[in-house]
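Chemist: Sequence plus the predicted model coming up.
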Amino acid sequence: MMVPEREGPLTMKFYDCATAPSPRRVRIFLTEKGIEVPTVQVDLRAGEQFGEPFRRLNPWCTVPVLELDDGTAISEAVAICRYLEERFADSPLMGRDPREKAIIAMWEHRCEVDGFLAAQEAFRNRAPGLKGRALTGATDVEQISALADRGRARVLRFFAMLDERLADCPFVSGEAFSIADITLLVTVDFAAWAKVPMPGELSSLRRWYEMVSARPSAKA
């Protein structure tokens, strides 16, 4: 377990759902950093996220959530990773200097908006089990089939753009593995599960995927 100097054992809790893609981004981040945090599994299928105990923790009713030692709750995967990056400085995944931090943040944002959220749009607007739940969160939102088609098209455009990017560098943000690669890896796997697989002709993206999938953290 990686513990900050002059502090005792970690008592914060990570609220996870093993089958959901967004918490996986944090699990990979934790594994890459060598951090172990007590984990609580939230049963999304049973609607546990809508119960009063979890609502008090996160009124948006989404995972992941990191509950800190003092009871502070941080939701949203990137916000959690930012906290962990600042608290555990070894093996940085969000940049070492202002230039690198900005480049990684830029690419991570593009991977999230153009990739991860597009795959979510494609999946949640068509999955029969998510009728009335087209968006994550506390409020019901009806599915729109046209948005599923749009999400699929967005994902495919994103994959083509990343293939061009990865023809020029080994990792998304440049020469080193970063949080941008974590978001892209989860996006590729989530999109395939949502029936939007990576096109076989995108050789640079496929090379990257095979390399990153071989990292031990990819199994998190």
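Modeler: Looks like it arrived, so ask away.

Chemist: so where's this protein uncertain?
Modeler: Scanning the chain for pLDDT under 70 picks out 1-10.

Chemist: list the buried ones in the top helix by length along it?
Modeler: Using DSSP state H to define each element, the chain has its longest helix at helix 145-166. Neighbour counts over helix 145-166 (16 or more other Cβ atoms under 10 Å) mark 147-148, 151-152, 154-156, 158-159, 162-163, 165-166 as buried. All C-beta atoms are positioned from the backbone trio N, CA, C, and that covers glycine.

Chemist: Put together JSON lines for the residues you listed, with distance to Glu210 on each row.
Modeler: Formatted as JSON lines, the buried residues of helix 145-166 follow (distance: Cβ to Cβ, whole Å):
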{"residue": "Leu147", "distance to Glu210": "31"}
{"residue": "Ala148", "distance to Glu210": "29"}
{"residue": "Gly151", "distance to Glu210": "25"}
{"residue": "Arg152", "distance to Glu210": "23"}
{"residue": "Arg154", "distance to Glu210": "24"}
{"residue": "Val155", "distance to Glu210": "19"}
{"residue": "Leu156", "distance to Glu210": "20"}
{"residue": "Phe158", "distance to Glu210": "19"}
{"residue": "Phe159", "distance to Glu210": "15"}
{"residue": "Leu162", "distance to Glu210": "14"}
{"residue": "Asp163", "distance to Glu210": "14"}
{"residue": "Arg165", "distance to Glu210": "16"}
{"residue": "Leu166", "distance to Glu210": "12"}
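
Chemist: so what secondary structure elements neighbour the helix or strand just after the longest helix of the chain?
Modeler: Next along the chain after helix 145-166, taking DSSP states H and E as the criterion, comes helix 179-193. Using 3 or more Cβ pairs under 8 Å, 6 or more residues apart in numbering; DSSP states H and E, the elements in contact with helix 179-193 are helix 21-33, helix 98-110, helix 117-124, helix 145-166, helix 203-213.

Chemist: okay, which residue is most central for this protein?
Modeler: Nearest to the mean C-alpha position of the chain, counting by Cα atoms, centre = their mean, stands Arg25 at 3.5 Å.

Chemist: Quick check: the gap between it and Ala77.
Modeler: Note on Arg25: its distance to Ala77, by Cβ to Cβ, to the nearest Å, is 4 Å.

Chemist: shared neighbours of those two, which are they?
Modeler: Residues touching both Arg25 and Ala77 (Cβ atoms under 8 Å, 6 or more residues apart in numbering) are Pro64.

Chemist: that older thread, could I get the helices and strands packed on helix 179-193 in a markdown table, plus columns for distance to Phe14?
Modeler: Converted to a markdown table, the helices and strands packed on helix 179-193 look like this (distance: least, Cβ to Cβ, whole Å):
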| stretch | distance to Phe14 |
| --- | --- |
| helix 21-33 | 7 |
| helix 98-110 | 20 |
| helix 117-124 | 21 |
| helix 145-166 | 28 |
| helix 203-213 | 22 |
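
Chemist: Quick check: which element contains Thr19?
Modeler: Per DSSP H and E, there is no helix or strand for Thr19.

Chemist: neighbours around it, how many?
Modeler: Residues near Thr19, counting by other Cβ atoms under 10 Å, number 12.

Chemist: isn't it right up against Leu44?
Modeler: Yes - assessed by Cβ atoms under 8 Å, Thr19 is found in contact with Leu44 at 7.5 Å.

Chemist: Specify the local secondary structure of the closest residue to Phe29 other than its chain neighbours.
Modeler: Distances taken as Cβ to Cβ, 6 or more residues apart in numbering place Cys81 nearest to Phe29, at 4.8 Å, with adjacent residues excluded. Secondary structure assignment for Cys81 (DSSP: H, G, I helix; E, B strand; the rest coil): helix.
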